[in-house]
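Participant: Fold the following.
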Amino acid sequence: MTKKETGAKPSKNDIKQRWGSTIANLGWTAIPNILLERQQALGLNSLDLNIVMILLKHAWKADDKPFPTKRVISELVGRDPSTVRKAIQRLEEKGLIKRVTQMRKYGQTANQYDLSGLKEKLQELAETEKKERDRRQDSDARNRRGYVKPQPGAD
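Facilitator: Residues are numbered from 1 along each chain as shown. Below is the predicted model:
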């Protein structure tokens, strides 16, 4: 039985087998397929998606609020900090992220980013996708069995 069949989570060794130890040991990020497949439905352009993936890279636990600085994000995406700031504002306007100001006794530090809006929208898209797949699977099964949909008025 495969791990997929048993529901077991992939181990770090699976990543090492796929990419090699050197790459895997430097870290990896889980990106939900629905995010990649439905980025247009979320209204994400390539910069937006790149920023979201960087935020996901910095969120290690389910309730983490990542807090990379705009400078770090800018360096990683190769864009000016003002461009990144505008993109983050767009993501916030779409309800995908929420900036959470962090204050220290010496002043403001890097914002935290609440990703719960992204998670909620992805959940909605995933539920729609699941229903569509189930409908197609049911339709395919009916077709394989030779089911013919009754025509209206045909008795």
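Participant: list the contacts for Glu92?
Facilitator: The contact partners of Glu92, taken as CB atoms under 8 Å, 6 or more residues apart in numbering, are 98-99. Yep, even glycine has a C-beta here, placed from its N, CA and C like the rest.
Participant: Now name the helix or strand holding it.
Facilitator: helix 81-93 (DSSP states H and E).
Participant: Next, the angle from whichever helix or strand comes after that helix to helix 81-93.
Facilitator: Using DSSP H and E, the helix or strand that follows helix 81-93 towards the C-terminus is strand 98-104. Angle between the axes of strand 98-104 and helix 81-93 is 120 degrees (criterion: axes from the mean of the first three to the mean of the last three CA atoms, to 10 degrees).
Participant: How far off centre is the helix or strand immediately after strand 98-104 in the chain?
Facilitator: Note on strand 98-104: by DSSP H and E, the next helix or strand toward the C-terminus is strand 107-114. Strand 107-114 sits 22 Å away from the centroid of its parent chain (CA atoms, centre = their mean, to the nearest Å).
Participant: Output the contacting helices and strands for strand 107-114.
Facilitator: strand 98-104 (3 or more CB pairs under 8 Å, 6 or more residues apart in numbering; DSSP states H and E).
Participant: hang on, isn't Arg79 packed against Asn45?
Facilitator: No. Here Arg79 lies out of contact with Asn45, judged by CB atoms under 8 Å, at a distance of 11.9 Å.
Participant: For the two, indicate the residue with more neighbours.
Facilitator: Set Arg79 next to Asn45 and count neighbours by other CB atoms under 10 Å: Arg79 wins out with 17 against 11.
Participant: host element of that one?
Facilitator: Counting by DSSP H and E, Arg79 is part of no helix or strand.
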